[in-house]
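Enquirer: using only what follows, build the 3D model:
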Amino acid sequence: MTEKSPVGDGGPLGQRLPLLNSLRGKGWLFTFLLAVYFSIITLVVAFERKTMLESVNLLQSINAREEYLVGLNYAVSRAVVSVNENYFAPDVEASGKMLALEVEALLPGLSRLQTAYPELTESRTMLERMVKELVDDPSRASIADLRAAMHRLVLSLDRVTADVAAKKVIFAEQYHNSFQRLTTEWLAFGGFALIFVAFVFKVFFRGLSVDIERVRRHATRVLRGEPSAKLLHSRKDELGLLMEAVNSMQDELSRRESELELTRQQNFHKEKMAAVGSLAAAVAHEINNPLSAIVGVAQAMNNECQDTRCSHYGEECHPNMILEQATRVMQITRQISEFSVPQSQEAELTDLNSLLRSTANFVKFDRRFRRIDVSLELDGNLPAVVLVADHMVQVAMNLLINAADAMANLEGRMPTIRLATTCDAEWVTAKVVDNGSGIPKQVLPHVFEERFTTKGPGRGSGLGLSVCRSLIAKAGGVIDVRSEEGVGTEVEIRLPVPLLGADCR
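Expert: This is a model prediction of the structure:
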């Protein structure tokens, strides 16, 4: 079975892409715009073609009229010559009939021109009257009137001829202008189409290729595990969905990497504590044997001195001091052994005060705590909370070590760490407060980000607080950091009070 395209089926992120936002929709839109554009060109060209055809028809009509006028003018000229020749002819009757025939031959031509040039109507009417007079009653006066009428006709035909010539020029110019305009419009439309297509190709395909290259480089960095910001884009097409899918893949990879790192940190912590526990048990066993003998001898010496009321007791002889210090060493080895005992990996009711107290006592052996005053302000009425004890030990150790690192170069005041617990009706609160260098304001919003650290190279991985937040969140709690640069830092952990938890008073 073939895979369906993400477009239109919800996409890689469950989105349904609108058609106009898709590349296919943009392609159809571009095709539609081109079709509209070429339809406009077709309409413009058709209009100009119609104009040119009209100009051609008018030119043909004017040319035909001009040819007809040439023949008519020739006939009129011949008639004028004939009228002038017959004006002085002795046979007036014969001359009149002959002139009537010649003039009558001009009348059909004048009738054809009369429609276009109404001013010839008067000349035609007069010539018809002259023809009738020449036929009915020819006289020299009639011939004279005919000569005058012919003269006026010649003047009228001259004006008509001039008008025809002028219109011929106008129609020829119109044809020329239409041709020039059509040529210019065709070149302009063609040039604009080329520019438009080139612009679309440059903007669209260049932007597409650039964004595809961005996706390729970003995906490569993500697969290599290199830190990289998310892809920023404003695309709403398939490539935009691909970018969102890559961003989602990056988030998922980051989440899984965080889970793996958290698991690795927890395993490392368990292995470290197991190793410390094994070593502590072995060392405690080896130390406690001679210490037991020393304590026994010191106890016997102390009892003997007290029974015999030794005069050197307390001045030169100090068996009680030997007993006190040996007992203290045995308590320290017992604390280390108890702290290093493997904890349950299941969430269960836990005494938070006892857990924090033993963790504080354990970390005091770290050389970083030699000059730090660690004070415990633990609420005696604190109810038990549900959590994984080993997770809380890991969180407390991380916070205490971070506080110690913040006071490494502290000058001018005694470095102190205060570990306090309180509770109310809903939350059990634990605070780790130090008077170290504090956290700058611009850094504070980033302290829980993975791989973010202000410590020098080799001193921190940037995962401590991120791991703490994950572990506290698994217990249903929240962790918050407040700090003032140069004053100190307070980390507050709030864990939910169990439904059957004791009331805080």
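
Enquirer: quick check: phi and psi at the residue lying farthest from the centre of the chain.
Expert: Largest separation from the mean C-alpha position in the chain: Pro90, at 110.0 Å (Cα atoms, centre = their mean). In terms of degrees, to the nearest 10, the main-chain angles of Pro90 are phi -70, psi -30.

Enquirer: ok, Glu484 next?
Expert: Torsion angles at Glu484 (phi, psi; degrees, to the nearest 10) stand at phi -130, psi 120.

Enquirer: show me the contacts for it.
Expert: Glu484 sits next to Gly438 when contact means Cβ atoms under 8 Å, 6 or more residues apart in numbering. In short, each C-beta sits where N, CA and C put it, glycine included.

Enquirer: run a quick check on Ala347 versus Gly477, I expect a contact.
Expert: No. Ala347 is beyond contact range of Gly477, at 11.7 Å (criterion: Cβ atoms under 8 Å).

Enquirer: any common contacting residues for those two?
Expert: Shared contacts of Ala347 and Gly477, counting by Cβ under 8 Å, 6+ apart, come down to Leu387.

Enquirer: the two: who's more crowded?
Expert: With neighbours defined as other Cβ atoms under 10 Å, Ala347 and Gly477 compare such that Gly477 has more, 21 against 15.

Enquirer: so which strand or helix has the closest residue in space to that one that isn't next to it in sequence?
Expert: Excluding the flanking residues, the one nearest Gly477 by Cβ to Cβ, 6 or more residues apart in numbering is Leu495, at 4.1 Å. Element membership of Leu495 [criterion: DSSP states H and E] is strand 488-496.

Enquirer: who touches that strand?
Expert: Taking Cβ under 8 Å, 6+ apart as the rule, strand 488-496 contacts 352, 385-387, 395, 399, 403, 406, 426-436, 438-439, 472, 475-483.

Enquirer: identify each buried residue in that strand, please.
Expert: The neighbour-count check on strand 488-496 (16 or more other Cβ atoms under 10 Å) flags Gly488, Thr489, Glu490, Val491, Glu492, Ile493, Arg494, Leu495, Pro496 as buried.

Enquirer: what does stretch 208-225 rub up against?
Expert: Ser228, Leu231, His233, Arg235, Leu239, Leu242, Met243, Val246, Met249, Gln250, Leu253, Glu257.

Enquirer: would you map out the domains in the protein?
Expert: Per the record, the chain has its domains at 19-213, 344-505, by automatic domain parsing.

Enquirer: strands of the stretch 301-450 of the chain, start to end?
Expert: Secondary structure of the stretch 301-450 of the chain (DSSP state E, counting those that start in this stretch): strands located at 348-350, 373-377, 385-387, 416-423, 427-434.

Enquirer: between those, which one is closest to Phe171.
Expert: strand 427-434 (99.5 Å; Cβ to Cβ).

Enquirer: quick one: mean pLDDT for that closest one?
Expert: Over the span of strand 427-434, the pLDDT mean works out to 91.

Enquirer: which other helices and strands does that strand contact?
Expert: helix 352-363, helix 389-406, strand 416-423, strand 488-496 (3 or more Cβ pairs under 8 Å, 6 or more residues apart in numbering; DSSP states H and E).

Enquirer: switch to 10 Å and redo it
Expert: Contact partners of strand 427-434 among helices and strands, from 3 or more Cβ pairs under 10 Å, 6 or more residues apart in numbering; DSSP states H and E: helix 352-363, strand 373-377, strand 385-387, helix 389-406, strand 416-423, strand 478-484, strand 488-496.

Enquirer: identify whichever of these lies nearest to Ala172.
Expert: strand 478-484 (91.9 Å).

Enquirer: show me which residues of that closest one are buried.
Expert: For strand 478-484, using 16+ other Cβ under 10 Å, the buried residues are Ile479, Val481, Ser483.

Enquirer: separation between the last one and Glu490?
Expert: Pointing back at Ser483 there. Distance, Ser483 to Glu490, by Cβ to Cβ, to the nearest Å: 7 Å.

Enquirer: low pLDDT regions in the stretch 351-500 of the chain?
Expert: Scanning the stretch 351-500 of the chain for pLDDT under 70 picks out the ranges 450-464, 500.

Enquirer: can you tell me the helix or strand for Glu85?
Expert: Here Glu85 is assigned to helix 23-87, by DSSP H and E.

Enquirer: which SSE is immediately downstream of that helix?
Expert: Next along the chain from helix 23-87, counting by DSSP H and E, comes helix 92-114.

Enquirer: these two touch, right, Arg235 and Phe204?
Expert: No. Between Arg235 and Phe204 there is no contact under Cβ atoms under 10 Å: 11.3 Å.

Enquirer: okay, and the common contacts of those two?
Expert: Overlap of the contact sets of Arg235 and Phe204 (by Cβ atoms under 10 Å, 6 or more residues apart in numbering) consists of Leu23.
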